[in-house]
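**Student:** Any chance you could fold what I've pasted below:
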Amino acid sequence: MDIRRQQQNQDARRRDATDRRATPERSLEFVHLDLPALRAYRKALGTEEHRVSYWRRIIQARLDLVRSHRDDVPTMERLQDAFAEERPAQGRMALIAIVPDDDIPPIPDLDHLWKSSVDPDDAQSRARLERELAFAELQLSTYRQALHRRLGRATAELIARYHEDPSQCLVALPSAPGAA
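**Tutor:** Residues are numbered from 1 along each chain as shown. Alright, predicted model coming up:
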């Protein structure tokens, strides 16, 4: 009898939680985008987030080398071989055109940071480069956080649209070959 009562209480709590869940609401921020454009925007944000995360890891690696006084030429050459030519700003311009970027902070001149060299025996130039790299890492982190906020808002908008018309989410599924 006690187990049955516990199950009934759990079921009642689940129903209460479901009843309290807010109905997703659409945002005016995305009213100008149709569903395919919203999906493309969200995908572009995801791609940009991956690129920024990659740059952030690269900057952190360079910063670690500078801090450990191992920012020598052979190490830098190996890192620069792994360096991607694409910059976060390239993808970013497309995002600005879709939704205004009032929450996107400026990003550093990463190319300049990579090309700058430092004399390992010059403590002042090493400290200057360390400050610039640390600031760039901070800017990239802030930019990444803004991208996460935008991704969250775009995802919430998709959920609201799917809630209004659940059949729209089926369009995102791949169709079976030969299906009509």
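**Student:** Please count neighbours and contacts with C-alpha atoms only from this point.
**Tutor:** Noted.
**Student:** who's in contact with Arg42?
**Tutor:** Contacts of Arg42 were listed using Cα atoms under 8 Å, 6 or more residues apart in numbering, and they are 151, 154-155.
**Student:** redo that, cut-off 7 Å
**Tutor:** 151, 154 (Cα atoms under 7 Å, 6 or more residues apart in numbering).
**Student:** ok, now how distant is it from Ala160?
**Tutor:** 14 Å (Cα to Cα, to the nearest Å).
**Student:** now swap in Ser175 and tell me
**Tutor:** 23 Å.
**Student:** lowest average confidence, helix or strand, in the chain?
**Tutor:** Of all helical and strand segments in the chain, the minimum by mean pLDDT, DSSP states H and E falls on helix 88-98, at a mean of 46.
**Student:** Which SSE is immediately downstream of that one?
**Tutor:** Going down the chain from helix 88-98, the next helix or strand is helix 110-115, by DSSP states H and E.
**Student:** In that next one, which residues are buried?
**Tutor:** Residues 110, 114 are the ones in helix 110-115 that count as buried (16 or more other Cα atoms under 10 Å).
**Student:** Dump it to CSV, restricted to CA.
**Tutor:** Extracted in CSV, the C-alpha atoms of helix 110-115 (Å, rounded to 0.1, in the frame of the first residue of the first chain):
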residue,chain,number,x,y,z
LEU,A,110,44.2,37.6,-33.7
ASP,A,111,46.4,37.6,-36.8
HIS,A,112,48.5,40.3,-35.3
LEU,A,113,48.9,38.3,-32.0
TRP,A,114,50.1,35.3,-33.9
LYS,A,115,52.6,37.2,-36.0
